Each structure stands twice: as C-alpha cells, then as structure tokens.
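>>> Provided below for reference: sequence and predicted model.
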Amino acid sequence: MATPMIELDRVAKHYGNQAAVADVSFVIEKGEFIALMGPSGCGKTTTLRMIAGLDEPSSGEIRLWGRRLNEDAPWERDAPLVWQSYALFPFMSVRKNVEFGLKQRRLPAPERRKKADEWMERLGIAGFAERGVDQLSGGQRQRVALARALALEPEMLLLDEPLSALDPHLRVRMQSELVRLHRELGITFICVTHSHSEAFAMADRVVIMNEGRIQQIGAPRDIHRRAANRFVAEFVGGNNIFTGTARVDEDGSIALAGPVGTVHAPAPSDGGIVTGAAATLVVPADRIELAAESTGAGNEVQARVVTVEFVGSTVTVFLETEGGGELRAQRSLHEMENTPLAVGQPVVARWSPQQGFFLPS
Amino acid sequence: MSEPLPTPDTGPAPLAATSRRAAGARFAVFWGAPPALWQAAFFLVPLGFLVAMTFWSVKNFRLTPDATLANWMFILNAGFFRSAYVYTFWLAALTAVIASLAAFPAAYTLAYKVSPATRRFMIFMLVVPFFTSYPVRIYSTQIFFSPQGIINTVLVPLGLGPLQVLNTPTGTVVGYLVLTLPLVVLLQTFALANVPRILIEAAHNLGCGRFRTIWSVIIPSARIGLIVAGTFAFVLAFGDYVAPTYLGGSRPPTLSILIADQVKSGNNWPRASVVAVMMIVTLMVVMLVMIGLAYGRRKERA
C-alpha cells in the first residue's frame, strides 16, 4: 500500500492526568478535505495543533509521507494554520502579513511582493494591501489569514473553526469559497469545526471525535446513513433514536418494541441482536413520510403534530405518539406548502423498514 | 474583533439615560477629586513656585523676589552646566539602554519559559529590593566595590584587579542599574506576558524560528511596554542624586549634584531652580518623544 500523506498513529496528548486526546489513529490522503468535528473539549483542536507542531504528542506518532514528525519544530513544518481569531499581526499592513511567511523562507523581496499580490488578488483583498489589519472587517481579516497561509503554497492547509467568527451570510459564502479553493489548489485541507452542517457541506471525510477519541470516520453521507454509535447519531442530528426490546422474526428482520410502539428494521450485518435483548434503532428524520391516512405498508406510527420548526428550506416536524413517544420528521419547505400541517393535527408517520438501522450494542 | 457597531440615531437621549450619565459623572468627580487635589497641592503649586523662583535673586545670601533673567543667563551660559547636562543625559541614556538589554533575557524567561508559580515568586523577588531604602542599597554596593571589598578580594588574587569602579562614571552607572534594573525587568515581564500567545504561535506556524520571532513579532507587539520600561530607567537615572554622589564620587558632577552644590554653596536657590526646571523640561521632552515612539503609527508601510 502506498504511504499515505499524513498518519496519526495512536496519538495521545495529556495535560497532567487529563487526556485532551486519548488515543487517535487515522490517515489523511493527499488532496483530501478532512473535517475534524466534535463538541468543545473533544480534542479536535489539540489534534490539529499537534499536526501543526504547536502541541507535542504525549505518546504515539504523527507521520508525514512516512517520516516521523513529532520532534519537528512548528517552523520546520509546512502546515500553515488559519486561526478562528485570524491571529494577524496588528503592527503590520495587510501586505506585510501576507508576505510574512515568504520572508521567513528568505524569498527575495520582488518575488515576495509578486506572490503576495497574486494571493491578495485571488482572495479579493488586493484593494486593502496597504491598510492596517485593524481597519478590516471580520470577513476581510479571514481572507488575509487565508492569503497569508496559502502564499506559502503549502501541501496542506489547517483551518481552526474558520467560519465560527463570521456573520451567517458570510459563513455560507466562505464555506463555498473554501470548497472552491480546495478543488482548485488540490492540496490537503484539515478543518476543525463543531458544526456538523459545515463539516458535512465541505469535507470529503469527517472524523467525529468525543472525549479525546474518534467516534466515527467516514464520508458525510455514510455517517448520516449509518451512525456508528449513539453519540454520532445524536451529534449529527436529524435522527430518531429508539431504544427498546428486540424480537427476531422468522424472516430474520427485527421488531423493536419501544416508545413509539413496535417497529421493524433489518438485522445488522454483524448479527448480535437476539430476542429479548435491548437494542437501539436509528431512523433518519428525513426518511419519515407524513401522511393523512394509514396504508398498512412499512412502519406506521399514529402521532400528533407538536411543533413545526423552519430551518432554511427544511422543516422539522416534532410529533408525539399516542403512547407518549417522540418522533421527528424532516420535510422540504415545498412539501410543507403543498400539504400544510397544523399543530395538534393527527398524522401517520411512515417509513420503510430498510431506512432504519440498529446501532452496534 | 472590533467591528464598528452601528449607532442607531434615536434623537435626543431619553431623560433617564441623561440623569444616569450625570450620576456617573458625579461619581467620577467624587472619587477623582482627592488625588487631583493632592497633585495640585503638592506638585503643581511647588512646581509653579519653583519656576517663579528662577526669576528671583539672592542678595546678601538672602532670597529676594525679583523678575530677573540673570539666573537663566548665568546657568545656560555656564560651561559646568553644559558639560554636566550632556554628561547626565548620556549616563541616563546609557543606563536605559543597558538596563533594557540586560533585562530582556530575564523578562523573556519569566514571561514565557517558567511556570506561573515560579513567575509569581520571581516577580515577588524583584519587588524585594524596594523593601530597603535606595541609599542603603547604594552603600552596600559601595562596600562591594571598595578596595578591600568582596569583588576585589576575589579578583586581585586572580590577577584581574584591582577593579576601579568607585568614584568613576562606571560606578555611577552601576548605581543607576541598582536603582532601575529590577523595575525594568518587572515592566518588561508584564509587557511580554501581554503579547498574545497566538501571535507567537502564528509566527512559528509561518516558519519563523524562535529568535526571529523575538525580533519580528514579540518586540513589535510589546513595543509600548518596552519603551515605557526604558523611559522609566532614563527618568529615574537622570534625576538620581545618590548613585553619582556615593558611587561616582561627584566627579564629574551630574545635574542633581549641581543643584545640591548651588544650594549648599551660597544658598543660591534661584540658580538651583533653573537647573531643576531644565531637568523637568528635559524629562518632559524625552517622555513626549518616547510616547510618540511607542504609540506613533509606523511610517514604513508597503
């Protein structure tokens, strides 16, 4: 097998007896857009900082193209970072900031100037070149930070919560701009974020972390469709999670008696669920249809509408079953307009058994 | 970061807000007044008196109110004043530079390289010298450098001495450093500790090694504090009387010694006042220049 670009091999970082990162192993291929995602304190930022060399692993090894990187000083690495708070040098002009890294590489002044011009042009900040960074807006500062990092033409770019400090409308624009930059440059992007919508919108693969450990690695789509455990199912959101008692049917599928009544789903490929055992079933909210009447096909649950939440162009409908169980369904705004739902209205929530999956017990 | 907030124009401020602001102003005046009065009584008034006295004259060893420029003409034209002025300015500037350079590695270590507990302890240790009065410290320094003192006792058998420090300009500078160095280390430590850590990390991240980071990021970021520290050293040294008297042997005299001489020999308070006013004006100019240097916009851009 070819050597991957970056390998983290059983990497841990302890502060006293506190483990910021407990045990993390994964590989990053050249040109990937990787998102490290998780709640605050999950170790994602520490992992990023260890790749940059700003923190040293307590144990384990970080390799770049197969070479151990642990002892390399940050200034010996080629891993520029874009900070959430930008970390621009306030005593320098925009141009000086962008040229800073090039100057450290002893690039002659005319070339430095040319490269900085190119990157400022590319990121739309050429007009501010001679200004002080304190005269810029948040969005402009971010572009300076990006230009400063990318001017080095590195083989990887590290981003720490790059969108968190931006206004919502800028966030969406910057998100697509980062994706575009990644595609055009073909270099590896490693991005830390606590937002699953950002991670899923931008990354080729997402590394979900919690309490210093990796919970799941995969393409956004796979994580959405097959959460590896309860933490992931809850963290990525938009999932119904039912815990109940399993019964293995004659055809091998499993019936789960839980808070929303008895529902069916295929048995997990690794087996492991026996009649009478407790099991946890996940049904993505966007796979649940809402109908006025029962058709008798698939899983059907009688419920009443509790609240309707509009988020952008999707609508989350919160339901309550007769037995008091909670259920959520996601609909498009379009659907919602065609068949409006009123609070208190009785509906049938329906989904095909194939859409549900059991979490490993 | 500091986005300019849009200030909604709501017309005249509501009455409640106005009276709250007035109450806030009263509060500030109430607590601000005592120190302001103190300064007026014990700084501004004597300063005014000092300036006034430069125009008085001395008749038969008696101070007489007058309106003469004779004292100014005499002092400003006196060779001994001019050379003392240059000498004092030069030694004070030298002290500021030496103290700043000598303090920096210590301040850097305290700010970045030691644990918070060690830093607290060391900061405490830097305050300790101020527990004993400054002349006492200068006397003990005198003992250190005396021909039979510790330093020469060690150096002479090694063939390196005797070291002649007492009664030389070097002695004066040593005394100035005794006075200023702990303070400069303290001020520099605070200045360096306030440099955002993230800027240092950003510099490292962009390929800037440890020493280059000091020069290209840490010093520019801590500029104000570093200049203030050096300026403090200059101000303290420029006006000091103890070190040039007991370690420098009064020769050549500094401005503070000139003042004492004018008063002691001939009771010439007006001439002493001229020297004092010249010192105050000098310090003000130096302060203004240094503040301009510290807060001024950098001129080099692009």
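Yep, that arrived.
>>> please, where are all the strands along the stretch 51-200 of chain A?
Ranges of strands within the stretch 51-200 of chain A are A:59-64, A:67-68, A:81-82, A:156-160, A:188-193, based on DSSP state E, counting those that start in this stretch.
>>> isn't B:Ala260 up against B:Tyr241?
Yes - the criterion here is C-beta atoms under 8 Å, and B:Ala260 meets it with B:Tyr241 at 6.7 Å. Where C-beta positions appear, they are placed from N, C-alpha and C, glycine not excepted.
>>> could the strands of the stretch 51-200 of chain A go into JSON lines alongside distance to A:Ala52, mean neighbour count and mean pLDDT?
Below are these laid out as JSON lines (distance: least, C-beta to C-beta, whole Å; neighbours: other C-beta atoms under 10 Å in any protein chain shown; pLDDT from 0 to 100):
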{"stretch": "strand A:59-64", "distance to A:Ala52": "10", "mean neighbour count": "17", "mean pLDDT": "96"}
{"stretch": "strand A:67-68", "distance to A:Ala52": "16", "mean neighbour count": "11", "mean pLDDT": "96"}
{"stretch": "strand A:81-82", "distance to A:Ala52": "5", "mean neighbour count": "26", "mean pLDDT": "96"}
{"stretch": "strand A:156-160", "distance to A:Ala52": "6", "mean neighbour count": "24", "mean pLDDT": "97"}
{"stretch": "strand A:188-193", "distance to A:Ala52": "9", "mean neighbour count": "24", "mean pLDDT": "96"}
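>>> out of those, which is closest to chain B?
Checking these against chain B by C-beta to the nearest C-beta gives strand A:81-82 as the closest, at 5.0 Å.
>>> what's that closest one packed up against?
Secondary-structure packing of strand A:81-82 (3 or more C-beta pairs under 8 Å, 6 or more residues apart in numbering or on different chains; DSSP states H and E): helix A:138-150, strand A:156-160.
>>> let's have the ones you listed in CSV, adding distance to chain B.
CSV is the format used below for the helices and strands packed on strand A:81-82 (distance: least, C-beta to the nearest C-beta, whole Å):
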stretch, distance to chain B
helix A:138-150, 6
strand A:156-160, 8
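>>> which residue ranges of chain A form helices?
In chain A, the segments counted as helices under DSSP state H are A:44-52, A:94-104, A:109-122, A:138-150, A:168-185, A:196-202, A:220-225, A:230-235, A:333-338.
>>> redo those helices as JSON lines? Include mean pLDDT and mean neighbour count.
Output for the helices of chain A, formatted as JSON lines (pLDDT from 0 to 100; neighbours: other C-beta atoms under 10 Å in any protein chain shown):
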{"stretch": "helix A:44-52", "mean pLDDT": "96", "mean neighbour count": "24"}
{"stretch": "helix A:94-104", "mean pLDDT": "96", "mean neighbour count": "24"}
{"stretch": "helix A:109-122", "mean pLDDT": "95", "mean neighbour count": "17"}
{"stretch": "helix A:138-150", "mean pLDDT": "95", "mean neighbour count": "23"}
{"stretch": "helix A:168-185", "mean pLDDT": "92", "mean neighbour count": "15"}
{"stretch": "helix A:196-202", "mean pLDDT": "91", "mean neighbour count": "20"}
{"stretch": "helix A:220-225", "mean pLDDT": "88", "mean neighbour count": "17"}
{"stretch": "helix A:230-235", "mean pLDDT": "93", "mean neighbour count": "20"}
{"stretch": "helix A:333-338", "mean pLDDT": "86", "mean neighbour count": "12"}
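>>> from A:Arg67, how far off is B:Arg82?
Here B:Arg82 is placed at a distance of 68 Å from A:Arg67 (C-beta to C-beta, to the nearest Å).
>>> shouldn't A:Asn239 be in contact with A:Arg287?
No - using C-beta under 8 Å, A:Asn239 is not in contact with A:Arg287, being 9.8 Å away.
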